[in-house]
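*Asks:* sequence first, predicted model second:
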Amino acid sequence: MAQISAAAPGARRTRLRPGGAPRSGGSLLGPAVVAAVYTLVQLALLVAGAGLGWDETVYVSQVSPGVEAAFFSAPRARGITYLVAPLTALTPSVEALRIYLALLSGAGLFLALRVWRTLLPARVLTLAGALFAGLWITVLYGPQVMPNLWVALGSLFTVGCFLRAARDRADRAALAGLGAGAAFVALMRPTDACWLALPLGVAALCVGAWRRPALPLSLALGVAVGCAPWVVEAYLSYGGLTARLRRADEIQGELGWNPAFHDHLRALQGRVLCRPCDMAWRRPGTAVWWFALPPLVAGGVLTAVRGRRTAVVLVPALAGLSLALPYLLLVGYAAPRFLLPAYALLALPAALCLLRLAGAVRPRTVASAGLAVLLAAHLVVQYGILAGVAASDRAHRTAFGRVAAELGRQGVRPPCVVSGEEAVRIAFRAHCASRQTGGHDASLTPARLAALARERPVAVVVSEEGKPPAFARDWRLRRLPDLPGGRGLRAYVSPSAGPPPAGSPGSALSAPRPFW
C-alpha cells in the first residue's frame, strides 16, 4: 500500500497547497440539495402518526422525565440517548422527536459529505449522497431513535477526515475531526467503532507517506474516549468488562461463523428485524441493487486506480467492507439497519463507477437519461417498501395506544408495572415501568414482582398460547385489544389495581379461566 496515490479520477486539475490538497472540490450545492430532500421526505412520510419501536422505547425511556427507565441490556450503548435527551427533556411528543431527528440527520448527511469536498468531485458526492439517502432503510432510520444511521454518518465523516489528515499534515482540523468522528461512532456503537478503526489503523501504519504517530494516536484516542462510558458502565452495572462482553455475546446469539447473506437479502423486502429470518423471499426485485453494489464498488476502485487516486476510493471501500463483515458472517440474524454504515461508505465508489459508465456512453443525453431512469426505478422500489413499513409503524402506534388505554381503565396507572409480552412498549405508553422475570431483559425475580404487586398496580401480559406465572393466576383477567401480528393478548391485573370499573366488559372475565 506504500505506493497508494491520492489523486481523484476525473477531478479538475487544481493548484495544490504545500500539503498536496486541492483548494476546492467544487460546489456543495448538490450535496446540500440531497440533504434537504432527504430531510423533507422524512418529514412528509414518517412524522405524522409515528410511534416508538421496541428498541426506541428502551433508549427514550432512559432520558424521559417521569418515566421509569426500561431494562438496558449489555449490548446497548447510550450514545443515541444522549442525542435525544435535549428534546425529551422539553416534550414527550413522538412527533416532535421525529422532526428533531429528521432535521439532525439531514444536517449530519450534509456535514459528512462536506468533509469529502477536497477529496472527490462534487458530482460524485451528490450521486453518492443520493444513492445512500434514497434507500428505504436510510429514510426510515433518519427520524428514529436508533444508533445505526448515526454510525453510518459518523463513519463517512471519520474516513473523510482520515484521508484529509493523511495527505495534508498541516490540516489540523481534519486530524481533530478524525478523533471526534471516531469518538462519536464509539459512543453510538463501540463494536462498530473498532471495526471502522481496524482498516484505518492498518492503512496509517502500512502506507509510507501516512506513517506518522498523529494518525493512529488520534484514531485510537477517539475510539477510547467514545468507548469509555460503555466500559465504565460495564464495571458499575454488569460485573466488569469481560462479563458485559460475554452477556452481550449471549444476547446476540453467540457470535461465531454464521453467514447471513440470505437473511439480509430477504430482510430487504421490508422486515426491520429477521430473527429468525423464516420469511419467504417473495420480492426478489427489492434486492437488485444489493447484487449490483459489489461490481459497482469494484468498478469504482478500478476507476480510481486508473486515475491515480486509489486511496480516496479504496480506503472507504475497505472501511465499508470491514463494517459489513461482522453482520454478514458472525451474527446469525439480520436487520437491514446493521449494514447502513457499510452502505454509506460503499456509495462513494459505486457513484464513481456509475458516473464513469455514464461518461463512456455517447451521446451524453442518452447516458444522462439512462442513469435517470435507473435511479427512478430504484427509488420507486425503495419508496414502495418504505410506505409499507411506515403504515405498519402507524398501525402499531394505534394498537399499543388501545392496549395502554384498556390497562388504564382496569386501574393500571402510575406508579405501575407491566411484565410479559410486549411489556416495554405497553408500559411506556401506559406510563408504567417494564420489568421482566426471565429472558434477556430479566431484571427481577418472580418473588420480587409478586411483592411489588402488593404495593402498586401490576399487569402481566401473556399471548394467546402463553401461561401466566404462578403468582398471577388468581389475579383479575382481562382480554386486551389485538396488536398487529399478535392476537389473543390477555392481562392478569393485580388486586392492587383496584376493582374493575362498573360495567366494564372485563368483569365477565374476572374469574380465572383455563386458557392453556
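*Replies:* Yep, that arrived.

*Asks:* got a pLDDT number for the most centrally placed residue in the chain?
*Replies:* Geometric centre of the chain, nearest residue: N148, 2.6 Å, by Cα atoms, centre = their mean. Looking at N148, its pLDDT stands at 98.

*Asks:* ok, A8 next?
*Replies:* 39.

*Asks:* what of P22?
*Replies:* P22 is assigned 34 on the pLDDT scale.

*Asks:* average pLDDT for stretch 411-426, rounded please.
*Replies:* Computed over stretch 411-426, the mean pLDDT rounds to 95.

*Asks:* and if you look at stretch 476-494?
*Replies:* Stretch 476-494 shows a mean pLDDT of 91.

*Asks:* mind listing what's buried in it?
*Replies:* 476-478, 480, 483, 489-494 (16 or more other Cβ atoms under 10 Å). C-beta coordinates here come from the backbone N, C-alpha and C atoms, glycine included.

*Asks:* and the furthest pair within the residues you listed?
*Replies:* Greatest spatial distance among those (Cβ to Cβ): L483 and S494, at 21.9 Å.

*Asks:* related to what we said a few turns ago, what would the buried residues of stretch 476-494 look like in CSV with distance to L198 and secondary structure?
*Replies:* Putting the buried residues of stretch 476-494 into CSV (distance: Cβ to Cβ, whole Å; DSSP: H, G, I helix; E, B strand; the rest coil) gives the following:
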residue, distance to L198, secondary structure
R476, 56, strand
L477, 54, strand
R478, 53, strand
L480, 47, coil
L483, 41, strand
L489, 45, coil
R490, 49, strand
A491, 48, strand
Y492, 50, strand
V493, 52, strand
S494, 51, coil
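
*Asks:* what sits against V159?
*Replies:* For V159, the contacting residues are 196, 200, 315-316, 319, 345, by Cβ atoms under 8 Å, 6 or more residues apart in numbering.

*Asks:* helix or strand next in line after the longest helix along the chain, which one?
*Replies:* Determined from DSSP state H, the single longest helix within the chain is helix 364-409. Later in the chain than helix 364-409, the nearest helix or strand by DSSP states H and E is strand 417-420.

*Asks:* and that following strand, what does it pack onto?
*Replies:* If contacts are counted by 3 or more Cβ pairs under 8 Å, 6 or more residues apart in numbering; DSSP states H and E, strand 417-420 sits against helix 423-429, strand 433-434, helix 446-452, strand 458-462.

*Asks:* ok now it, how far from the chain's centre?
*Replies:* 27 Å (Cα atoms, centre = their mean, to the nearest Å).

*Asks:* what comes into contact with it?
*Replies:* Here strand 417-420 makes contact (Cβ under 8 Å, 6+ apart) with 407, 412, 426-427, 430, 432-437, 449, 452-453, 456-462, 466, 468.

*Asks:* give me the buried subset of the residues you listed.
*Replies:* 407, 412, 426-427, 430, 432-437, 449, 452-453, 456-462, 468.

*Asks:* ranges for the helices of the stretch 101-250 of the chain?
*Replies:* Counting by DSSP state H, counting those that start in this stretch, the stretch 101-250 of the chain has helices at residues 122-133, 136-141, 148-167, 172-188, 190-206, 214-237, 241-251.
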